[in-house]
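> need a structure here:
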Amino acid sequence: MDNNDILIRLRYALEIKNSEMAEIFKLGGLEVSVPEVVKILKKSDDEEENGSQIMLTNNMLNSFLNGFIIYKRGKQEPKSGQTNTPEPSIENNTNINNILLKKIKIALTLTTEDMIDVFKKTGLNVSKGELGAFLRKEGHKNYKVCLDNFARNFLKGLAIKYRS
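Numbers count the residues shown, from 1 in each chain. Next comes the predicted model:
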């Protein structure tokens, strides 16, 4: 699953309008116009307009996910005496799905049980331990890379939950 596919599925699942997508990108620190959003969401197999799709980089997807958290929950101001902890970012192509799960969980204020229910809606049974391994910091001894089928089923479960 590439970054454009992730964004297309997320947009469908949560019924986000193009103008809202542009606003979310802006909240994440990236200026993207509505026509550019349309080009990002264009399927790559559209042969008649080949080359008009904008490929989403890891940084662009990360900006969208950060903006999505701000869009849903508001900008969080650091409390006095609290140090700024760096947000997890998409450093390589192996941890994209893990970051996606973490940031969607934060944005939609999902509990672990909510996430397990989302997976169950697609017929995929994920244990608390397995989900916890996906949500751990990379480098932790129990960290587990989230494969595309888990991310795809999670986005499909979100669509079932929010569109029905």
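
> for the residue positioned nearest the centre of the chain, phi and psi?
Centroid-nearest residue in the chain: Leu100, 3.8 Å away (criterion: Cα atoms, centre = their mean). Per-residue torsions, Leu100: phi -60, psi -50 (degrees, to the nearest 10).

> and it, what does it touch?
Counting by Cβ atoms under 8 Å, 6 or more residues apart in numbering, Leu100 touches Ile6, Leu65, Cys146, Ala151, Phe154. Glycine gets a C-beta too; all of them are placed from N, C-alpha and C.

> give me that answer again for 6 Å
Counting by Cβ atoms under 6 Å, 6 or more residues apart in numbering, Leu100 touches Ala151.

> same check, this time on the one 3 residues further on
For Lys103, the contacting residues are Leu65, by Cβ under 6 Å, 6+ apart.

> swap in the one 4 residues further on?
The contact partners of Ala107, by Cβ under 6 Å, 6+ apart, come to Phe68, Ile69, Lys72.

> give me that answer again for 10 Å
Leu14, Ile24, Leu65, Asn66, Gly67, Phe68, Ile69, Ile70, Tyr71, Lys72, Arg73 (Cβ atoms under 10 Å, 6 or more residues apart in numbering).

> quick one: pLDDT of the residue nearest to the centre of the chain?
At Leu100, the pLDDT value in this model is 95.
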